[in-house]
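Colleague: Sharing a model that was predicted from the sequence below.
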There are 2 protein chains.
Amino acid sequence: MTPGSRHRDSSASPPRRSDAERNRARIIAAGRRVLGRDGLDASMASVAREAGVGIATILRHFPAKEDLVAAVFADRMDAYADAVTDALDDPDPWHGFVGYIETACAMQAADQGFADVLTMTFPGAKALEKRRAEAYEAMVRLIDRAKATGRLREDFDPSDLVLIHMANAGVVNATGQAAPDAWRRVVALFIQCFEAPARGPLPASPDHDALYQAMLRASPAGTITPEPARDS
Amino acid sequence: MTPGSRHRDSSASPPRRSDAERNRARIIAAGRRVLGRDGLDASMASVAREAGVGIATILRHFPAKEDLVAAVFADRMDAYADAVTDALDDPDPWHGFVGYIETACAMQAADQGFADVLTMTFPGAKALEKRRAEAYEAMVRLIDRAKATGRLREDFDPSDLVLIHMANAGVVNATGQAAPDAWRRVVALFIQCFEAPARGPLPASPDHDALYQAMLRASPAGTITPEPARDS
């Protein structure tokens, strides 16, 4: 189907184990390049083209785009969750909090696809969402610790981290390679205004359920109807 | 061509003046709805469908998507430029500066398409870019006045306004109708950290040329090849 394919892509017989594993790795690597370059709106077809496999092969491994997104970003979500754990180990809670925000935003800047993943939720991708939930729990502890030192403003809400990531994604996506460091200034501004004492009250945080709905709504629309699963 | 069209869309004879004017108004109104709802990635075809005219009619009036974008957002760009002028009339320069940021960001929140227009540049749309250039000149005066009072931090750069709009577009686009007021908290945070004295130094502003390149790069890619212009 795709000229560049070195592997068969026929439904005549189930592929051998090693073929299936190789195809899966090849698709994930291609997905990393394509989603990193074009963001989450990239089509499954363009990932298949990049991987040199047919669309049937992709659907066998990843019945929905959400599954592919989860596989592509699994290691980055791990690194993101690890960044919170590292921050909790910092003996200076404020320093740990600031370092965590800088690290997480740098991860967004390094990868346009991941910039969006951090502001979306993928209910079907259980492992990814489990890691995100763990990271969230750790983040709440990080915030509480930083507030306890008096350095973080009292009205900081965990949902503010989601808002920062949404804002940072906007800057990263708009400036891209033309001004690749622009996000650093925006994030530095945010951090300065998180520092206590607050200069004034803030409008209320968005309702957490509403924000969750927004994260659902922003998920990639191009989910492909699952096809019957096949062995591999 | 389109069933809903009440006007002819044939190339047999040039349409009467009033038909042409009516079609143009109808396309702009449809463009406002479609681009406001779907953002600037919306296709010319979907605007034609919404307007109930054929693609040939749209191309006669707006040879490139950039032309349609300029026509649809002309009045909003006027309102945006007026907001700066109003702010300059405020006897309290800091109050004028803050009010301007709130107004401009509210305009972004009210219209997803305009949220993006403010962070892009459309070299082919002369009238739109002229208004933007005028607004920019006025903004520089607004910033200088606010700095002169000592209320605005000294290292605030006009390009920071572009960065705020990029960040705000990220929040507006991600939260949408699910959490429609979330942007207010983000903008309030920004404003608090613009207030002097600065709590610390900031990373350098992006180079202005680089930021301009970024704004060019973010323009809608879906420009349609111009067809021979026809009377109307």
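Modeller: Thanks, I have the structure now.

Colleague: Can you report how many residues neighbour residue A:38?
Modeller: Applying other Cβ atoms under 10 Å in any protein chain shown, we find 14 residues neighbouring residue A:38. To be clear about C-beta, it is placed using only N, CA and C from the backbone, and glycine gets the same treatment.

Colleague: same deal with residue A:195?
Modeller: Counted with other Cβ under 10 Å, residue A:195 comes out at 17.

Colleague: do residue A:157 as well
Modeller: 15.

Colleague: There's contact between it and residue A:205 in this structure, I believe.
Modeller: Yes: in terms of Cβ atoms under 8 Å, residue A:157 counts as a neighbour of residue A:205; the distance is 4.2 Å.

Colleague: now the strands: where do they sit in chain A?
Modeller: With DSSP state E, there are no strands along chain A.

Colleague: residue ranges with poor pLDDT in it?
Modeller: Judged by pLDDT under 70, chain A has its weakly predicted residues at A:1-16, A:217-232.

Colleague: Now do the helices in it.
Modeller: For chain A, the helices defined by DSSP state H occupy A:17-38, A:44-51, A:55-61, A:65-89, A:93-109, A:112-117, A:126-148, A:158-175, A:182-194, A:208-217.

Colleague: Indicate which one of those helices is closest to residue B:31.
Modeller: helix A:158-175 (22.0 Å; Cβ to Cβ).

Colleague: Tell me which of the helices of chain A sits nearest to chain B.
Modeller: Nearest to chain B, of all these, is helix A:158-175, at 1.9 Å by Cβ to the nearest Cβ.

Colleague: For that closest one, buried residues please.
Modeller: A:159-175 (16 or more other Cβ atoms under 10 Å in any protein chain shown).

Colleague: before we move on, back to that, redo the helices of chain A as CSV? Include distance to residue B:210.
Modeller: As requested, the helices of chain A are exported to CSV (distance: least, Cβ to Cβ, whole Å):
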stretch, distance to residue B:210
helix A:17-38, 20
helix A:44-51, 28
helix A:55-61, 37
helix A:65-89, 26
helix A:93-109, 15
helix A:112-117, 17
helix A:126-148, 33
helix A:158-175, 8
helix A:182-194, 8
helix A:208-217, 31
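
Colleague: could the ones you listed go into JSON lines alongside distance to chain B?
Modeller: Shown next, in JSON lines, are those (distance: least, Cβ to the nearest Cβ, whole Å):
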{"stretch": "helix A:17-38", "distance to chain B": "11"}
{"stretch": "helix A:44-51", "distance to chain B": "15"}
{"stretch": "helix A:55-61", "distance to chain B": "23"}
{"stretch": "helix A:65-89", "distance to chain B": "16"}
{"stretch": "helix A:93-109", "distance to chain B": "10"}
{"stretch": "helix A:112-117", "distance to chain B": "9"}
{"stretch": "helix A:126-148", "distance to chain B": "15"}
{"stretch": "helix A:158-175", "distance to chain B": "2"}
{"stretch": "helix A:182-194", "distance to chain B": "4"}
{"stretch": "helix A:208-217", "distance to chain B": "4"}
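
Colleague: and residue B:25, which of those helices is closest to it?
Modeller: helix A:158-175 (31.5 Å).

Colleague: Export that closest one to PDB, keeping only CA atoms.
Modeller: Output in PDB follows, covering the C-alpha atoms of helix A:158-175 (Å, rounded to 0.1, in the frame of the first residue of the first chain):
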ATOM      1  CA  PRO A 158      -3.600  23.200  41.600                       C
ATOM      2  CA  SER A 159      -5.700  24.100  38.500                       C
ATOM      3  CA  ASP A 160      -3.400  27.100  38.000                       C
ATOM      4  CA  LEU A 161      -0.800  24.600  36.800                       C
ATOM      5  CA  VAL A 162      -3.200  23.500  34.100                       C
ATOM      6  CA  LEU A 163      -3.800  27.100  33.100                       C
ATOM      7  CA  ILE A 164       0.000  27.700  32.900                       C
ATOM      8  CA  HIS A 165       0.400  24.700  30.600                       C
ATOM      9  CA  MET A 166      -2.500  25.900  28.400                       C
ATOM     10  CA  ALA A 167      -0.900  29.400  28.200                       C
ATOM     11  CA  ASN A 168       2.500  28.000  27.600                       C
ATOM     12  CA  ALA A 169       1.200  25.700  24.800                       C
ATOM     13  CA  GLY A 170      -0.300  28.800  23.200                       C
ATOM     14  CA  VAL A 171       3.100  30.500  23.200                       C
ATOM     15  CA  VAL A 172       5.100  27.400  22.200                       C
ATOM     16  CA  ASN A 173       2.700  26.600  19.300                       C
ATOM     17  CA  ALA A 174       2.600  30.200  18.100                       C
ATOM     18  CA  THR A 175       6.300  31.000  18.300                       C
END
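
Colleague: What helices and strands are in contact with that helix?
Modeller: Helix A:158-175 is packed against helix A:93-109, helix A:112-117, helix A:126-148, helix A:182-194, helix A:208-217, helix B:158-175, helix B:182-194, helix B:208-217, with contacts defined by 3 or more Cβ pairs under 8 Å, 6 or more residues apart in numbering or on different chains; DSSP states H and E.
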